[in-house]
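Novice: I need the structure of the sequence given here:
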Amino acid sequence: MSRRLRLALYVVGGLALTIVLAAVIAVYILLQPERFTATLQQQARNAGLELNLASPASPTLFPRPALDLRGITLNAQGANAPILVAARGSLVLPWQTVFGGPTVITKLEIESPRVDLDALQAWVAALPAQPAGAPPNIPRIDAGVSIRRGSLVRGDELLLGDVRLEAGCLLSGQPFPLSMTANTESGTPLQLQLSATPRINGNTLELDNVALHLAQGTDSTLALNGNAHWHGSADAAAILAGTFEHAGAARYDIALTLTPAAQNTPLMLELKLDGPDNHADLRLPPLALAHWWSALSDEHGPHLSMPPADGHLEIANYEASGVKIEGFSMKTGDAVPAAASTVAPKPAASKAPTH
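Specialist: Residues are numbered from 1 along each chain as shown. The predicted structure is shown next:
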C-alpha cells in the first residue's frame with residue numbers, strides 16, 4: 001500500500017471518527033436525557049411515587065429517537081416494597097421533540113417488569129380521598145404503553161406470568177384501546193381486549209362504547225358491551241350485556257348492572273345469567289364481596305362464610321379448571337323463603353254460665 005493511500009485512509013478514518021463523536025454529542029445536546037428523567041420523576045412525585053434508575057438514561061437517534069432506561073424501580077413515597085421493578089425501558093420520542101420542541105413521549109416500552117399487587121393496593125389505599133362534590137379526573141396518558149415479559153405477583157406468589165400489554169393514549173373524548181395476554185400460575189393462557197371512550201361531562205366521568213372480551217384458554221370466553229358513569233367515590237353506574245361461552249358448547253346470556261350507593265344502600269352489582277340448565281340472579285355489594293374474598297384467601301386465618309349475595313343460583317352441570325359441580329342450588333338473602341311461623345293454639349271456648 002502506497003504512503004499516499006495510507007494517508008488518505010487515515011484522513012477518511014479520522015473524519016468518520018469525528019462525525020461519530022459529533023453525532024454522539026449532538027444526540028446528548030438534542031435529547032437532553034436529564035430533562036426527560038426529571039420530568040418522569042416529577043410526574044411520579046405528583047402521584048405520590050418515587051422513580052429511581054440504576055444508571056442515567058442513555059439517548060439514541062436510530063432507528064428512532066429514544067431514551068433507554070436501565071434498572072427501573074417505582075415505589076410509593078416512604079415505602080420499602082417496590083410496586084414495579086423492571087430490567088429496562090425505553091421512551092420513544094417524536095423528531096420535533098429532538099429538535100427543541102415540547103417534551104413529548106410517544107410511547108413507553110417496558111421490558112420484564114415485575115408488579116407487586118400488595119404494594120400497589122397499599123399505594124392506592126393511601127391516596128387522599130377525593131373532596132365531596134369534586135369532579136372525577138382522567139389520568140392523562142399522552143404516550144402509548146408497551147409491556148413485554150411482565151409478571152404480576154403477590155409477595156413471592158406468582159399470579160400472572162409472561163404478560164404482554166399494549167395500550168394507546170388515554171385522553172378525554174378519544175377511544176382508549178388496551179390488549180393483554182398472560183399465563184396463570186398453572187400455565188393457562190389469558191387474553192383480554194378492552195376499548196372505551198372516556199370523557200368528562202360536568203362532574204361525571206363517562207365511559208362510552210365499552211367493549212370487553214376476555215378468554216381463558218379455549219374453555220371460557222366472556223364478551224360484554226355497554227356504558228358506565230362515575231361521579232366519584234361509590235357513586236357509580238354501569239350497564240353491560242353480552243354472552244359467556246364455556247367449553248365451546250354452552251352459551252349463556254349475561255347482564256351486569258351496577259347501581260350507585262344511596263343513603264341506606266351500598267354500591268350494588270346485579271348479575272343475571274341464563275343458559276342451558278344453569279341460571280343465576282344475584283345482587284352483590286362489590287366492596288363487601290372484595291372484603292369477603294380477602295378474608296377467605298387470608299393464609300394467616302381464613303374465615304369461611306357465605307358470600308354477601310342476595311338471590312338464587314342454579315348449576316345443573318359445570319366443570320372448569322379440574323372442578324366439577326353438579327346439581328347445585330343456592331338461595332340467599334331475600335330469596336330464602338320465610339320460615340313458617342308457629343301458630344299458637346286457640347284458647348278453649350269458655351262455657352256459658354248456667355242459670
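
Novice: contacts and neighbour counts: CA atoms only from here.
Specialist: Fine.

Novice: please export the C-alpha coordinates of the helix or strand that contains Asn227 as CSV.
Specialist: Here Asn227 sits within strand 220-232, counting by DSSP states H and E. The C-alpha coordinates for strand 220-232 follow below in CSV (Å, rounded to 0.1, in the frame of the first residue of the first chain):
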residue,chain,number,x,y,z
SER,A,220,-64.2,-19.9,28.6
THR,A,221,-64.9,-16.6,26.7
LEU,A,222,-66.7,-13.5,28.0
ALA,A,223,-67.9,-10.7,25.7
LEU,A,224,-69.6,-7.6,27.2
ASN,A,225,-70.7,-4.2,25.7
GLY,A,226,-72.3,-1.2,27.4
ASN,A,227,-71.6,2.1,29.1
ALA,A,228,-70.6,3.3,32.6
HIS,A,229,-70.7,6.5,34.6
TRP,A,230,-68.8,7.6,37.7
HIS,A,231,-69.5,10.7,39.9
GLY,A,232,-66.8,9.9,42.5
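
Novice: who are the packing partners of that strand?
Specialist: Using 3 or more C-alpha pairs under 8 Å, 6 or more residues apart in numbering; DSSP states H and E as the contact criterion, the secondary-structure elements in contact with strand 220-232 are strand 204-216, strand 235-246.

Novice: reformat those strands as JSON lines; add distance to Arg148 and mean neighbour count.
Specialist: Formatted as JSON lines, the entries for the helices and strands packed on strand 220-232 read as follows, by distance: least, C-alpha to C-alpha, whole Å; neighbours: other C-alpha atoms under 10 Å:
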{"stretch": "strand 204-216", "distance to Arg148": "19", "mean neighbour count": "19"}
{"stretch": "strand 235-246", "distance to Arg148": "29", "mean neighbour count": "18"}
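
Novice: those strands: which one's closest to Met180?
Specialist: Minimum separation from Met180 across these (C-alpha to C-alpha) falls at strand 204-216, 9.6 Å.

Novice: number of nearby residues for Leu127?
Specialist: The number of residues packed around Leu127, counting by other C-alpha atoms under 10 Å, is 10.

Novice: can you show me the helices along the stretch 101-250 of the chain?
Specialist: In order along the chain, the stretch 101-250 of the chain carries the following helices (DSSP state H, counting those that start in this stretch): 117-126.

Novice: so where's the stretch 151-300 of the chain shaky on pLDDT?
Specialist: Using pLDDT under 70 as the threshold, the predicted model of the stretch 151-300 of the chain has low-confidence ranges 233-234, 248-249, 287-300.

Novice: let's see that with 50 instead.
Specialist: Using pLDDT under 50 as the threshold, the predicted model of the stretch 151-300 of the chain has no low-confidence range.

Novice: for the stretch 1-150 of the chain, same thing?
Specialist: For the stretch 1-150 of the chain, applying pLDDT under 50 flags the ranges 18-27, 29.

Novice: where do the strands of it begin and end?
Specialist: Ranges of strands within the stretch 1-150 of the chain are 49-60, 66-76, 84-92, 107-111, 114-116, 144-154, based on DSSP state E, counting those that start in this stretch.

Novice: list the contacts for Gly89?
Specialist: Each residue near Gly89 by C-alpha atoms under 8 Å, 6 or more residues apart in numbering is listed here: Asp68, Leu69, Arg70, Ile72, Leu108, Glu109, Ile110, Glu111.

Novice: partners of Glu50 in the sheet?
Specialist: Legend: beta-bridge partners of Glu50 under DSSP bridges are Asn75.

Novice: number of nearby residues for it?
Specialist: By other C-alpha under 10 Å, neighbour count at Glu50 equals 21.

Novice: list the contacts of it.
Specialist: Gln41, Ala44, Leu74, Asn75, Ala76, Gln77.

Novice: doesn't Met180 make contact with Arg149?
Specialist: No. Between Arg149 and Met180 there is no contact, the gap being 11.3 Å when judged by C-alpha atoms under 8 Å.

Novice: intersection of neighbour lists for the two?
Specialist: Shared contacts of Arg149 and Met180, defined by C-alpha under 8 Å, 6+ apart, are found at Val163, Arg164.

Novice: each with direction, which strands does the strand holding Asn227 pair with?
Specialist: strand 204-216 (antiparallel), strand 235-246 (antiparallel).

Novice: separation between Leu91 and Thr37?
Specialist: Between Leu91 and Thr37 the distance, using C-alpha to C-alpha, to the nearest Å, works out to 10 Å.

Novice: what of Gly161?
Specialist: In this structure, Gly161 lies at 29 Å from Thr37, with C-alpha to C-alpha as the measure.

Novice: ok, those two, which is more surrounded?
Specialist: Regarding Gly161 and Thr37, a neighbour count based on other C-alpha under 10 Å identifies Gly161 as having more, with 21 against 18.

Novice: which non-adjacent residue is nearest the more buried one?
Specialist: Among residues not flanking Gly161 along the chain, Ser151 sits closest, at 4.5 Å (C-alpha to C-alpha, 6 or more residues apart in numbering).
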